[in-house]
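Chemist: requesting a structural model of the entry that follows:
(one chain, ligands or ions: 2)
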Amino acid sequence: MIEFKHVEKVYPGGTTAVKDATLTIEDGEFVCFIGTSGSGKTTALRMINRMHDPSSGEILIDGQATTSIDPVKLRRGIGYVIQQTGLMPHLTVYDNIVTVPRLLKWDEKKNREIAERLMKRVELPLEYLDRYPSELSGGQQQRIGVIRALAANPKIVLMDEPFGALDPITREALQELVKELQVEFGSTFVFVTHDMDEALNLSDKIAVWHEGELIQYDTPDEILRNPANEHVRGFLGEDRLLQAQTEFITVKEIMITQPLTATMGMSLARAISVMRKNRVDSLFVVDDDHRLKGLLTLNDVASRSAHSNLSVADVMHTNLRPVLEDALVQDTATRILKGRIPNMPVVDKEGHLTGLVTRTALVNLVYNSIWGDEEEIDNLTDEPVINPTPVNTSATTEGAEK
Ligand code: ADP
Ligand code: MG
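Modeler: Ligands and ions are numbered 1, 2, ... in the order given. Predicted coordinates:
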């Protein structure tokens, strides 16, 4: 775990590069620092491995203040990758990769194995081990930069705009690779970038810096959903925000609240009268705590004698699969549309009925915004609904009352 506690950095010239920053990075997290040039990202990053020390406040690694750890020792346990790869030009690729393992005095045979395994892992030919960095392309050099940082299996890896100088395709390939390696190694990654796509792609959490201040620190989803201020919004861009707004619409936002209900003990005659009065063909059934228990349709009651002593609980459908009000419409739309009932009940975490989503509301939303093309909505209605009877069926209602 890496903790920043009220960290400030004032450079000797008087520039305050980082102002009162507090954040926690959990083990195994991939965190991106994003911000415009000069916002303090590099300074913040370099304070983790003591290339700079805070002017005030402190940084703790696994609870220990970094200032109490010898910087040379500390850096051997922390991988570091920068834009210009930082590879030593006069050393072969192999010697570059095993720099830290050698400092740690690991067995040379083991080092060779590590280097070869990592070369294979990043899909570079083993003969490159004997070449010099300048003989490799920029993307290949940066692959070496990445595996060099990982060679000694560090708990923490710091990367400062490592792919900034690469073309977009190479860059994307390396992003994917780094993300995979991070998962495989289980290390904590702190990655500086000024590219929001890169940050959204890679991060478990994003720290947004502006003029030395940490203005937001949260998951990509949460940042897209609730950007803290106009600087964060600016970083995201209007297109992305608009897209995010629809992507993050929850069921709660489109549901109808206070749906009509029947109680379990209600007589069928009474239920029919509620349906008639409100001109609906189904009612959700709730218990005394308003927990969803079932669905009663007009067909069910119509086929039984209203004068029998059956109650709602005897004839209701109980195999409902309600949606949670906090679920994203995007994630549940297909299920709702494919569902067998015309209105999908919505419940809170405790199972209380809080609303319903009509298929119509959903279809409108889906057509308007979520799926630009129709591809996914084809074949959505392949299952029959329980009660396709139109609402206006006075004949049925009367029949049921006989
Ligand atoms: P970023 O990485 O976000 O571009 P930096 O951390 O490099 O930002 O810089 C933050 C601020 O600190 C800038 O105003 C920069 O000019 C200043 N700065 C960075 N490094 C030094 C330094 N070694 N000495 C003095 N000022 C510095
Ligand atoms: Mg920088």
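
Chemist: so what does the helix or strand harbouring L362 touch, helix or strand wise?
Modeler: Counting by DSSP states H and E, the secondary-structure element that holds L362 is helix 359-365. In terms of contacts (3 or more Cβ pairs under 8 Å, 6 or more residues apart in numbering; DSSP states H and E), helix 359-365 is packed against helix 251-254, helix 329-338. Quick note: C-beta positions are derived from backbone N, CA and C, even for glycine.

Chemist: for the ones you listed, which one sits closest to ligand 1?
Modeler: Judged by Cβ to the nearest ligand atom, the one of those that comes nearest to ligand 1 is helix 329-338, at 33.8 Å.

Chemist: where do the strands sit along the stretch 151-300 of the chain?
Modeler: Taking DSSP state E, counting those that start in this stretch, the strands of the stretch 151-300 of the chain run over residues 156-160, 188-193, 205-210, 213-218, 256-257, 261-263, 282-286, 292-297.

Chemist: possible to save those as JSON lines with distance to ligand 1 and mean pLDDT?
Modeler: Compiled in JSON lines, the strands of the stretch 151-300 of the chain are given as follows (distance: least, Cβ to the nearest ligand atom, whole Å; pLDDT from 0 to 100):
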{"stretch": "strand 156-160", "distance to ligand 1": "7", "mean pLDDT": "97"}
{"stretch": "strand 188-193", "distance to ligand 1": "6", "mean pLDDT": "97"}
{"stretch": "strand 205-210", "distance to ligand 1": "6", "mean pLDDT": "97"}
{"stretch": "strand 213-218", "distance to ligand 1": "11", "mean pLDDT": "97"}
{"stretch": "strand 256-257", "distance to ligand 1": "46", "mean pLDDT": "91"}
{"stretch": "strand 261-263", "distance to ligand 1": "56", "mean pLDDT": "94"}
{"stretch": "strand 282-286", "distance to ligand 1": "54", "mean pLDDT": "93"}
{"stretch": "strand 292-297", "distance to ligand 1": "51", "mean pLDDT": "93"}
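
Chemist: make a markdown table out of the ones you listed and add mean neighbour count.
Modeler: Listed next are those as a markdown table, based on neighbours: other Cβ atoms under 10 Å:
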| stretch | mean neighbour count |
| --- | --- |
| strand 156-160 | 23 |
| strand 188-193 | 25 |
| strand 205-210 | 24 |
| strand 213-218 | 19 |
| strand 256-257 | 12 |
| strand 261-263 | 21 |
| strand 282-286 | 24 |
| strand 292-297 | 22 |
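
Chemist: in the stretch 251-400 of the chain, which residue sits closest to ligand 1?
Modeler: When you check the stretch 251-400 of the chain against ligand 1 by Cβ to the nearest ligand atom, the closest residue turns out to be L328, at 33.1 Å.

Chemist: what pLDDT is listed against that residue?
Modeler: What the model reports for L328 is a pLDDT of 87.

Chemist: wait, isn't it in contact with T250?
Modeler: Yes: the pair formed by L328 and T250 meets the contact definition of Cβ atoms under 8 Å, at 6.0 Å.
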